[in-house]
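> whatever this is, show me its structure:
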Amino acid sequence: MLSHEILTEALTSLRELLADRGVSSELVVIGGGGLLLQGVLTRTTADLDVVARVEGGKLATAEPLPTPLVDAAAEVARLYRLPETWLNSGPTDLLTFGLPEGFADRQETRRFGGLTLRLAGRLDQIAFKLYAAVDQGPRSKHVRDLQEMSPTREELQFAARWSLTHDTSPDFRDQLEQALAFLGEAEIELD
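Down below sits the predicted model:
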């Protein structure tokens, strides 16, 4: 598991390996790893979720990650005894479905030499966490993360409306309403 300290050390090592190889990379990060780097969460996480790569100033799919980056990340995984998937490009599907409006304007940039990370802003993280909480239920880490972040009603409303753009089914809407009620915001307008 990655704590703030281990994640920072792993990213520093990744930066050094990339620099030794003359490689640079810019990634957009969401999820628990991003929140750890921002000091928002204190829990550990299994991975660093990469939603996109940045190419020519534009967001591009993170699947597949560039081979030099994957190779360097695998070396870091061995060094720190991390899972091979500690740099996780799985969330890149969110890029296809659409990120929250204004996402790029709310990012926070962290530089690790030739490795640049754009961390999703608070509002976007709340949207991603709510979407995941609906999917995984009230006992999930995503609900606990939301509770720790103490989102406002307006932030949850933004997150809920964005979530509905990804799943328009009546079942999802019902589960979303249940999640909002669990978070103490049953009165949020979804339309």
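> next, the buried residues of the longest helix along the chain.
As assigned by DSSP state H, the longest helix anywhere in the chain is helix 4-20. Neighbour-count burial for helix 4-20, counted by 16 or more other Cβ atoms under 10 Å, picks out 4, 6, 7, 10, 11, 13, 14, 15, 16, 17, 18. C-beta here means a position set from N, CA and C on the backbone, and glycine is covered the same way.
> JSON lines for these, including pLDDT?
Converted to JSON lines, those look like this (pLDDT from 0 to 100):
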{"residue": "4", "pLDDT": "96"}
{"residue": "6", "pLDDT": "97"}
{"residue": "7", "pLDDT": "97"}
{"residue": "10", "pLDDT": "97"}
{"residue": "11", "pLDDT": "97"}
{"residue": "13", "pLDDT": "96"}
{"residue": "14", "pLDDT": "97"}
{"residue": "15", "pLDDT": "95"}
{"residue": "16", "pLDDT": "95"}
{"residue": "17", "pLDDT": "96"}
{"residue": "18", "pLDDT": "96"}
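> just curious, which of those is nearest to residue 87?
Comparing the buried residues of helix 4-20 against residue 87 with Cβ to Cβ places residue 14 closest, at 7.9 Å.
> for the closest residue to that closest one other than its chain neighbours, what are its contacts?
What sits nearest to residue 14 in space, not counting adjacent residues and going by Cβ to Cβ, 6 or more residues apart in numbering, is residue 76, at 5.0 Å. By Cβ atoms under 8 Å, 6 or more residues apart in numbering, the residues touching residue 76 are 10, 13, 14, 17, 82, 86.
> doesn't residue 76 belong to a helix?
Yes - judged by DSSP: H, G, I helix; E, B strand; the rest coil, residue 76 forms part of a helix.
> pLDDT on the helix or strand hosting residue 128, on average?
According to DSSP states H and E, residue 128 maps onto helix 122-136. Throughout helix 122-136, pLDDT has a mean value of 97.
> show me this structure divided up by domain.
4-120, 123-182 (automatic domain parsing).
> got the end-to-end distance for the last one?
With Cα to Cα, to the nearest Å applied, domain 123-182 spans 19 Å between its terminal residues.
> and the residue most central in space within the chain, what does it touch?
Central residue of the chain (Cα atoms, centre = their mean): residue 30, 1.5 Å from the mean position. Contacts for residue 30 (Cβ under 8 Å, 6+ apart) come out as 49, 51, 91, 94, 120, 124, 125, 128.
> put together CSV for those residues, with neighbour count on each row.
Shown next, in CSV, are the contacts of residue 30 (neighbours: other Cβ atoms under 10 Å):
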residue, neighbour count
49, 24
51, 27
91, 20
94, 21
120, 25
124, 25
125, 27
128, 25
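> ok, of the residues you listed, which one's closest to residue 58?
Distance to residue 58, by Cβ to Cβ, is smallest for residue 51 among those, at 13.6 Å.
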